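Asks: just a sequence and a predicted model for now, questions to come.
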Amino acid sequence: MRRTFPSRLAAPLFALLLVGAAEPARDAAPPSSPKPRSLSGTVLFRDDFSDGLAKWANETHGAWTVSKGMLRADLPDEKQARAFLYAGSEEWRDYALDFDVCGMRGVDKGAAVRVQGQSGFAADLRGGSYQDVVAHVREWPVGKAAARNVNGTWNHVRIEARGERFRVFVNGKLVIDVTDDARPQGRIALAAYTGGVGQCTAWFDNVVVTQLK
C-alpha cells in the first residue's frame, strides 16, 4: 500500500524544502578572487584582508567577516537592511577607490567615497533582474547605467572623485560621469543592502585607494 502524508504536514514540509534549497548560495564560497590590478598613483590605502578587519571601522557587527582571505558581507533575510564598513580619512579629497566584488545572494552591493558621517557618493551594483549600477548622493539618485553582474561572478568597480566630478567604472568601462558639489572630501565605505528582495550575501577583495592629481 502506498503511504501518503497527512495534508496538514504538506505545507510545512514544502516550506522546509524551499528553505533548504535556498541556503547553499549563502554558505557557498565564491570563485577565487581576481589578482590585484596594477594601478597608477600614490596608494593611500590597500587591503587584501590578510589582517582581518584591522584597518576598518565596523559599525554593523556580525554582518562583516573575513573568510578564505576575502571579506564577506551577510545580512539577515529582512527587507531594507544595510551594512557599512568604513576606512580611511575624512581629510581625503581627490582619489579613486578600486575593489572587486562578487554577489552570491540578493541584488545590492557597492561602495561610497567622500563619506562624512554615514553619507557620501555611493555606487550600488545591482544584480538580479536589474543588471545595472546606480549612483547616489545621500539618498538621492544622481546616475544610472546598465552593468552586467551575474551572481557568482567577480566584478571590478572603480569610483573616482576629482573636484566636483565623480566617475564610476565597471569592469573597465565608464558607466557614470556626473558632477556634484555636496561632498568635497571624506573617507571610503563598503556597502551591502538587502533592498526589497530581502537578501544579501556578497564578497569583496583587493580594496585600493589611490590619490588623483
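Replies: Great, that's in hand. All values derive from a computational prediction rather than experimental measurement.
Asks: what residues of the helix or strand Gly110 falls within count as buried?
Replies: Assigned by DSSP states H and E, Gly110 belongs to strand 108-116. In terms of neighbour count (16 or more other C-beta atoms under 10 Å), strand 108-116 has its buried residues at 108-115. No exception for glycine: its C-beta is placed from N, CA and C like everyone else's.
Asks: same check on stretch 155-168?
Replies: Buried-residue list, stretch 155-168, by 16+ other C-beta under 10 Å: 155, 157-161, 166-168.
Asks: ok, back up a step: output the strand holding Gly110 as CSV, restricted to C-alpha atoms.
Replies: Extracted in CSV, the C-alpha atoms of strand 108-116 (Å, rounded to 0.1, in the frame of the first residue of the first chain):
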residue,chain,number,x,y,z
ASP,A,108,22.7,45.2,-4.0
LYS,A,109,26.4,45.7,-3.1
GLY,A,110,28.8,48.5,-3.6
ALA,A,111,30.8,51.3,-2.0
ALA,A,112,31.0,55.0,-1.3
VAL,A,113,33.6,57.7,-1.5
ARG,A,114,34.0,61.0,0.3
VAL,A,115,32.0,59.7,3.2
GLN,A,116,31.3,62.1,6.0
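Asks: that one packs against which elements?
Replies: With contacts defined as 3 or more C-beta pairs under 8 Å, 6 or more residues apart in numbering; DSSP states H and E, the packing partners of strand 108-116 are strand 95-106, strand 119-126, strand 155-162, strand 187-193, strand 200-211.
Asks: between strand 155-162 and that strand, find me the angle.
Replies: 20 degrees (axes from the mean of the first three to the mean of the last three C-alpha atoms, to 10 degrees).
Asks: I'd like the average pLDDT over strand 108-116.
Replies: Averaging pLDDT along strand 108-116 yields 97.
Asks: list the contacts of Ala145.
Replies: For Ala145, the contact set (C-beta atoms under 8 Å, 6 or more residues apart in numbering) comprises 132-133, 168, 175-176.
Asks: and it, that's in a strand?
Replies: Yes. Using DSSP: H, G, I helix; E, B strand; the rest coil, the assignment for Ala145 is a strand.
Asks: out of the helices and strands packed on strand 108-116, which is closest to Thr65?
Replies: Among the helices and strands packed on strand 108-116, the nearest to Thr65 by C-beta to C-beta is strand 200-211 (10.4 Å).
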